[in-house]
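[1] Here you go, sequence then predicted model.
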Amino acid sequence: MKTFEEKWTAWLDEQLSGKELEEFEASLPDLAAARAEKHDAQKLGAFLKQRLGTQTLTNEEFFNHQIRERIERDEQEDVSERGTRSSWWTVPRLVWCGATALALFLITTFVFLGGDQAEEQSDYLTQILNSRVDPAANPNASIYIFESNKTDNKVTVLWTEGLQSLPADYAAK
Amino acid sequence: MKTETTPAQADVSEIDLVRRCQAGDTDAFDQLVTRYRTRVFAMIYNMVHNEQDAWDLAQEAFVKAWKSIGRFKGKSSFYTWIYRIVMNVTIDWLRKREVKAGGAEFDDAIQLKEIDPASKTVPKADPLPHQRMERHEIRDRIDKAIAQLSPEHRAVILMKEIEEMQYHEIAETLGCSIGTVMSRLFYARKKLQSSLKDIYENV
């Protein structure tokens, strides 16, 4: 659906025809005034074309010469930049360095971190975390668990509040 | 669109020149510059109203065109493609200047009663020695009226009225819809009609 502005512009530039033209002209409240404005706008177009279409470029050859110079200068700069940038970091070297760094990272991860993780997870902690407090029996009950690694020994603290008794499945081995 | 060519150059098709440019032939690019330099310069001059700025911007546009000519696939005509670069460079420049100036200098709102009766131009019957001055005065009024438009409105009215480009070509150049082009044309024309009516009715 075209807006009024679009239809008006198309009408002014003689781009409307047939049914579309008839409908648009019928929709105008004052066709005579609209036609006068159309004529006015066409006069403006011709006037602008006449007055602005004559701007000339002086020193045309110098214009081309300057463009050629700029292009040459830019290309020389690009070549020298590429030369300094690619003096050591060639593509094969980059690939090899990347692959070596990735391999070292993976080895470090598996050797130093993989073993520790397995030991960290204790059966005791898992048991507590898997337990649930029955909210119907103990509405204000809450349980916190945290670990302390400040000393060499790892300490796990179980803090309970509002419990009348610990559920059986809380019994730690 | 008319281009500036010598008879020898006219034999060389534009697409051949573009292909040679894509292969790195700067002489071919020189020929393309020669074909379009006057139009491009005039277009930019009508947008910025300063010869030195227009010169610099036209050069910048051509250098950008050279750098990106490898990406020209020939889906649109070359002149639409080069005009797109020209418009981007010019509109960017106008917008930056607007920011530096600390606010909008453009006024796209239509003011129907802004014609100053005292600004009436010299009548037709004036003697010849005054013609140059009269032309200068008229040009100045037109430049001022166009300077009141936003860069996008300027671009649309100049491409339509001076370059006689089709709506779809303008839309392609500015990267907007045909509807937007038509709407911008509507407002730009209304604005210029109200600003310049006294001149174009008397000249």
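    Cool, the structure landed.
[2] and B:S76, what does it touch?
    B:E172 (Cβ atoms under 8 Å, 6 or more residues apart in numbering or on different chains). For glycine as for every other residue, the C-beta is placed from the backbone atoms N, C-alpha and C.
[3] So what does it have for phi and psi?
    Here is the backbone geometry of B:S76 (degrees, to the nearest 10): phi -110, psi 170.
[4] On the pLDDT front, check it for me.
    Note for B:S76: predicted pLDDT of 85.
[5] where in the chain is pLDDT low?
    By default, I'm working from chain A. A:1, A:83-88, A:114-152, A:162-173 (pLDDT under 70).
[6] Sorry, I should have been clearer: chain B.
    Using pLDDT under 70, chain B drops low at B:1-12, B:102-129.
[7] Which parts of it belong to which domain?
    What automatic domain parsing lists as the domains of chain B is B:1-104, B:106-203.
[8] How about the contacts made by the residue nearest the centre of chain B?
    Closest to where the C-alpha atoms of chain B average out (Cα atoms, centre = their mean) is B:M43, at 2.8 Å. B:M43 makes contacts with B:Y83, B:V86, B:T90, B:L158, B:M159, B:I162, B:E163, as judged by Cβ under 8 Å, 6+ apart.
[9] which SSE is the second one in?
    This means B:V86. Per DSSP states H and E, B:V86 falls inside helix B:78-100.
[10] quick one: is that helix near chain A?
    No: applying Cβ under 8 Å from any Cβ of the partner chain, one finds helix B:78-100 separated from chain A by no less than 12.9 Å.
[11] mind listing what's buried in that helix?
    B:78-87, B:89-91, B:93-94 (16 or more other Cβ atoms under 10 Å in any protein chain shown).
[12] Touching it from outside, list them.
    Contacts of helix B:78-100 (Cβ under 8 Å, 6+ apart): B:1, B:3, B:14-15, B:18, B:32, B:36, B:40, B:43-44, B:47-48, B:53, B:57-58, B:60-61, B:64-65, B:68, B:72, B:104-106, B:151-152, B:155, B:159, B:163, B:169, B:172-175.
[13] can you check stretch B:148-167 too?
    By Cβ under 8 Å, 6+ apart, the list of residues contacting stretch B:148-167 reads A:13, A:15, A:44-45, A:48-49, A:52-53, B:1, B:39, B:42-43, B:46-47, B:83, B:87, B:90-91, B:94-95, B:106-108, B:146, B:169-170, B:173-174, B:178, B:181-182, B:184-185, B:187-189, B:191-192, B:195.
[14] repeat that with 7 Å
    A:45, A:48-49, A:52-53, B:1, B:43, B:46-47, B:87, B:91, B:94-95, B:106-108, B:146, B:170, B:173-174, B:178, B:181-182, B:184-185, B:187-189, B:191-192, B:195 (Cβ atoms under 7 Å, 6 or more residues apart in numbering or on different chains).
[15] With stretch B:13-29 instead?
    Outside stretch B:13-29, the residues touching it (Cβ under 7 Å, 6+ apart) are A:R68, A:I71, B:Q31, B:L32, B:W66, B:I69, B:G70, B:F72, B:G74, B:F78.
[16] repeat for stretch B:177-191
    Contact with stretch B:177-191 is made by A:3, A:5-6, A:8-10, A:41, A:44, B:108, B:110, B:148-149, B:152-153, B:156-157, B:160, B:167-168, B:170-171, as judged by Cβ under 7 Å, 6+ apart.
[17] same thing but at 6 Å, please
    Applying Cβ atoms under 6 Å, 6 or more residues apart in numbering or on different chains, the contact partners of stretch B:177-191 are A:5-6, A:8-9, A:41, B:108, B:110, B:149, B:153, B:156-157, B:160, B:167-168, B:170-171.
[18] Keeping just the C-alphas, turn it into PDB.
    Below are the C-alpha coordinates for stretch B:177-191, written out as PDB (Å, rounded to 0.1, in the frame of the first residue of the first chain):
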ATOM      1  CA  SER B 177      13.500   1.300  -0.400                       C
ATOM      2  CA  ILE B 178      11.800   2.800  -3.400                       C
ATOM      3  CA  GLY B 179       9.100   4.000  -1.100                       C
ATOM      4  CA  THR B 180      11.700   5.900   1.000                       C
ATOM      5  CA  VAL B 181      13.100   7.500  -2.100                       C
ATOM      6  CA  MET B 182       9.600   8.700  -3.200                       C
ATOM      7  CA  SER B 183       8.800  10.000   0.300                       C
ATOM      8  CA  ARG B 184      12.100  11.900   0.500                       C
ATOM      9  CA  LEU B 185      11.500  13.300  -2.900                       C
ATOM     10  CA  PHE B 186       8.100  14.500  -1.800                       C
ATOM     11  CA  TYR B 187       9.500  16.400   1.100                       C
ATOM     12  CA  ALA B 188      12.600  17.700  -0.600                       C
ATOM     13  CA  ARG B 189      10.500  19.100  -3.500                       C
ATOM     14  CA  LYS B 190       8.000  20.700  -1.100                       C
ATOM     15  CA  LYS B 191      10.800  22.400   0.800                       C
END
